[in-house]
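Novice: Have a look; sequence and predicted model below, questions after that.
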Amino acid sequence: MKLILLLLTFFLSSLVYAQENAQKQNSAGQQEQHKHENGKGGAGHEHEHNGKGHGGHGHDHEGGHGHGHKLNETQLKQFFEPLPESIIDEQKNAALIKLGKKLYLDPRLSVNDKISCNSCHSLSNYGVDSEPTSPGHEGKRGGRNSPTTFNAALHIAQFWDGRAGTVEEQALGPILNPVEMGMPSEDAVVKKLKAIDEYKTLFAEAFSDQKDPLTYKNIGVAIGAFERTLLTPSRFDDFLKGDKNALNESEKRGLQKFVNMGCVNCHNGVAIGGNSFRKIGLVVPYETSDMGRFEVTGIESDKKAFKVPSLRNIAHTGPYFHDGSVETLDEAIRLMAKHQLGNDHVGHGMIRDIKAFLGSLTAKEAK
Ligand code: HEC
Ligand code: HEC
């Protein structure tokens, strides 16, 4: 089991590595397009000021340019990859996944029996709680926004700062975190679960080869296995697999802009993000007291660097950014263009199209 996970992780990270390399090789050409687009963005902006309400001018205009920016299949494949069917053998691991799901939903994993993983990462709400920061067992809040657990297993690492390697490792953090589930110790968690007959059975079934299956570590293994099933195929995946009608015109324009503007330099790969750490405020400084990745590595250049979030289901996982300070997707797109790309002139039409594209990353059926 462990070996399979290890191999899987290795496989995924080499994919990511290949992706990033393809990215680098491409970045020269990318930069060119990007400058070009900046200029156009400026023009589009003025247009749109004259005619509020029909912000369509900017992009209609661009569409007519015919500068050969139309994405072809090869480019698309360089940047993006459709979701795999699955990343865990769900049949073979049925008992483990069933246990993991039960643990994920069980508030008894918290000190006052009130908070479960699902409280902050609701399975019926795209894996989030829709709060800027999350109230834990005492109503106390941490400083960071709850990211979605959907597709998280695909990420290069877990948490905004990547301090946990895998979903299996990550799952053990919140149970003991004083502002989250607040359990006093690993032993206390194990003791509590051992007193519940149903768990004794479920752990024995899930770890049938082990003598003493109910361990703290195995709680993480089970929850992680369940999280590996939380993949959410979208219309964009259909598009990547060749169904050209899977996106409408506005979504296609948005995709084009997402690539041409340079969003794709960071948000790429199978999760459209989740595969690198980048500084917030790369071009125009961004105000935040959170040092992000620096707190994990101590490396100067990691100050204010965060894991680039996956944009899958992004239309439904606000509020946005590591501190949940950005309320709307429009605002998140505008801030990204400004702070990450130095483009302070994105008009309404541009934002509308990019937002439309991002909407195509929503799960076809909510899990
Ligand atoms: C009180 C709210 C709360 C509870 C309860 C909670 N989480 Fe989280 N979760 C968060 C916050 C906040 C973060 C981001 C923290 C950070 O990055 O420093 C997070 C991060 C994560 C991530 C990382 C996702 C990513 O994109 O990096 C995963 C996976 C996750 N939690 C799963 C779980 C699981 C499994 C449980 C139950 C064992 C759980 N969480 C319990 C609030 C919560
Ligand atoms: C240089 C890398 C980089 C570029 C370029 C970039 N982003 Fe981001 N993006 C990030 C990082 C890092 C974050 C997390 C920032 C934070 O939370 O402080 C982020 C966050 C976001 C979020 C919020 C995600 C969430 O879950 O809160 C959205 C939406 C987004 N980016 C969209 C875009 C769009 C659209 C573009 C192009 C206009 C873009 N990004 C360009 C790195 C980048």
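Specialist: Yes, it's here. Numbering: from 1, shown residues only. Ligands and ions are numbered 1, 2, ... in the order given.
Novice: Report the separation between residue 176 and residue 111.
Specialist: To residue 111, residue 176 is 10 Å away according to C-beta to C-beta, to the nearest Å. For every residue, glycine as well, the C-beta is placed using N, CA and C.
Novice: nope, residue 180 is what I meant
Specialist: With C-beta to C-beta as the criterion, residue 180 and residue 111 are 10 Å apart.
Novice: Now the residue lying closest to residue 328 once chain neighbours are set aside. Its backbone dihedrals?
Specialist: Counting by C-beta to C-beta, 6 or more residues apart in numbering, residue 328 lies nearest to residue 318, which is 6.7 Å off, once chain neighbours are set aside. Main-chain torsions, residue 318, degrees, to the nearest 10: phi -70, psi 170.
Novice: circling back: common neighbours of residue 176 and residue 111, please.
Specialist: Common neighbours of residue 176 and residue 111 are listed as 182, 183, 184 (criterion: C-beta atoms under 8 Å, 6 or more residues apart in numbering).
Novice: Is it correct that residue 356 is in contact with residue 255?
Specialist: No. Residue 356 is beyond contact range of residue 255, at 9.0 Å (criterion: C-beta atoms under 8 Å).
Novice: just to revisit the earlier point, show me just the buried residues among the shared contacts of residue 176 and residue 111.
Specialist: 182, 183 (16 or more other C-beta atoms under 10 Å).
Novice: Quick check: closest non-adjacent residue to residue 253.
Specialist: Per C-beta to C-beta, 6+ apart, closest to residue 253 is residue 353, 4.4 Å.
Novice: what secondary structure does the one you found sit in?
Specialist: helix (DSSP: H, G, I helix; E, B strand; the rest coil).
Novice: Any figure for the gap between it and ligand 2?
Specialist: 10 Å (C-beta to the nearest ligand atom, to the nearest Å).
Novice: For that residue, grab the count of nearby residues.
Specialist: By other C-beta atoms under 10 Å, 26 other residues sit near residue 353.
Novice: before we move on, what about residue 329?
Specialist: 21.
Novice: Quick check: closest non-adjacent residue to it.
Specialist: Per C-beta to C-beta, 6+ apart, closest to residue 329 is residue 355, 5.6 Å.
Novice: wait, isn't that neighbour in contact with residue 331?
Specialist: No. Using C-beta under 8 Å as the test, residue 355 is too far from residue 331 to be in contact (10.7 Å).
Novice: of these two, who's got more company?
Specialist: Using other C-beta under 10 Å, the more surrounded residue of residue 355 and residue 331 is residue 355, with 19 against 16.
Novice: so what's that one up against?
Specialist: Counted by C-beta under 8 Å, 6+ apart, residue 355 has contacts 254, 315, 329, 330, 333.
Novice: residues contacting the residue nearest to residue 328?
Specialist: 130, 326, 327, 328, 329, 332.
Novice: Let me have the residues you listed in a markdown table, adding secondary structure and pLDDT as columns.
Specialist: Compiled in a markdown table, those are given as follows (DSSP: H, G, I helix; E, B strand; the rest coil; pLDDT from 0 to 100):
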| residue | secondary structure | pLDDT |
| --- | --- | --- |
| 130 | coil | 96 |
| 326 | strand | 98 |
| 327 | coil | 97 |
| 328 | coil | 98 |
| 329 | helix | 98 |
| 332 | helix | 98 |
